[in-house]
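Asks: The following comprises the amino acid sequence and a computationally predicted model.
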Amino acid sequence: MMGAVAGPLLGRRGLTLVLSSPSGAGKSSIAKGLLAAEAELELSVSVTTRPMRPGEIDGKDYHFIDGGKFADLVAADALLEHATVFGNSYGTPHAPVEAALAAGRDVLFDIDWQGTQQLAAKMRHDLVTVFILPPSGAELKRRLIQRAADSPEVIAGRMAKAAAEMSHFAEYDYVVVNQDLDASIAKVRAILTSERQRRERITGLIEFVRGLQGE
């Protein structure tokens, strides 16, 4: 009969998973699928100075703060990344992300290439980046039209912006072409599974191996 295994328990430091894509490529749908399937994955909640919209919940959709507090966070270097869009500021607080990683939980970021560059400058060791591409330009345009959320002029602008955004694909660790949503979610889950087992993310590994060697 085998006895109980003695020695230190292995743990894992969490990782930060970034999904980026041009508008309409399916990034948000993939993110929702991942969050539904992965119990150890949570969505990063940003701070913002923009007004709360109907149906939004403070602390769930965003942490809504005023401009003065946002400026204080920037001055204290308490944000992993931040940007100002159409007069409103957005940013990711460092402290809750670090707390999640230390507890072995993974944090999902739905941000653009500029935010990804800022994250890489501060926490490259913890970062896993995935760029989502559409299967074709025609399909991307079809998806934007199908959403029926924008005027033809806005769609044309999004298509032009998409070309510039896609030029940054080579800065990412992985690329997934979103031809089929379920298949794309499965591919990103496979990336997560692999990255979670990286040697440098396993805590207590040196002590564990030494224990094995001493048995």
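Replies: Now that the structure is in, tell me what you want to look at.
Asks: residue nearest the centroid of the protein?
Replies: Closest residue to the average C-alpha location of the chain: F109 at 2.2 Å, with Cα atoms, centre = their mean.
Asks: Contacts only, for it.
Replies: T16, L17, V18, L19, S44, T92, G115, T116, L119 (Cβ atoms under 8 Å, 6 or more residues apart in numbering). The way it works is simple: take the backbone N, C-alpha and C, and place the C-beta from them, glycine included.
Asks: can you map out the helices along this protein?
Replies: In the chain, the helices defined using DSSP state H lie at 27-37, 67-75, 94-102, 113-123, 137-146, 152-166, 181-196, 205-214.
Asks: ok, the residue nearest to the centre of the chain to R50 distance?
Replies: Distance, F109 to R50, by Cβ to Cβ, to the nearest Å: 18 Å.
Asks: now swap in P152 and tell me
Replies: Counting by Cβ to Cβ - P152 and R50 are separated by 26 Å.
Asks: P22 touches S167, doesn't it?
Replies: No: checked against Cβ atoms under 8 Å, the pair P22 and S167 is beyond contact range at 10.3 Å.
Asks: Pick out whichever of those two has more residues nearby.
Replies: Shown here are P22 and S167; by other Cβ atoms under 10 Å, P22 has more neighbours (22 against 10).
Asks: picking up where we left off before, please identify which of the contacts of F109 is nearest to G204.
Replies: T16 (21.2 Å; Cβ to Cβ).
Asks: Which pLDDT value belongs to F86?
Replies: pLDDT for F86: 76.
Asks: now the residue nearest to G14 when sequence neighbours are not counted: how far from E139?
Replies: Excluding the flanking residues, the one nearest G14 by Cβ to Cβ, 6 or more residues apart in numbering is L101, at 4.0 Å. From L101 over to E139 the distance is 36 Å, taken as Cβ to Cβ.
Asks: what's in contact with stretch 159-175?
Replies: Contacts of stretch 159-175 (Cβ under 8 Å, 6+ apart): 18, 20-25, 112-113, 116-117, 128-133, 137, 140-141, 144, 191.
Asks: Buried by neighbour count, from those residues: which ones?
Replies: Buried subset of the contacts of stretch 159-175 (neighbour count, 16 or more other Cβ atoms under 10 Å): 18, 20-25, 112-113, 116, 128-133, 140-141, 144, 191.
Asks: more crowded one of L101 and E139?
Replies: L101 (19 against 14).
Asks: and R196, how many neighbours?
Replies: Neighbours of R196 (other Cβ under 10 Å): 17.
Asks: swap that for A138, sorry
Replies: A138: 9 neighbours (other Cβ under 10 Å).
Asks: I am finished for the moment; much appreciated.
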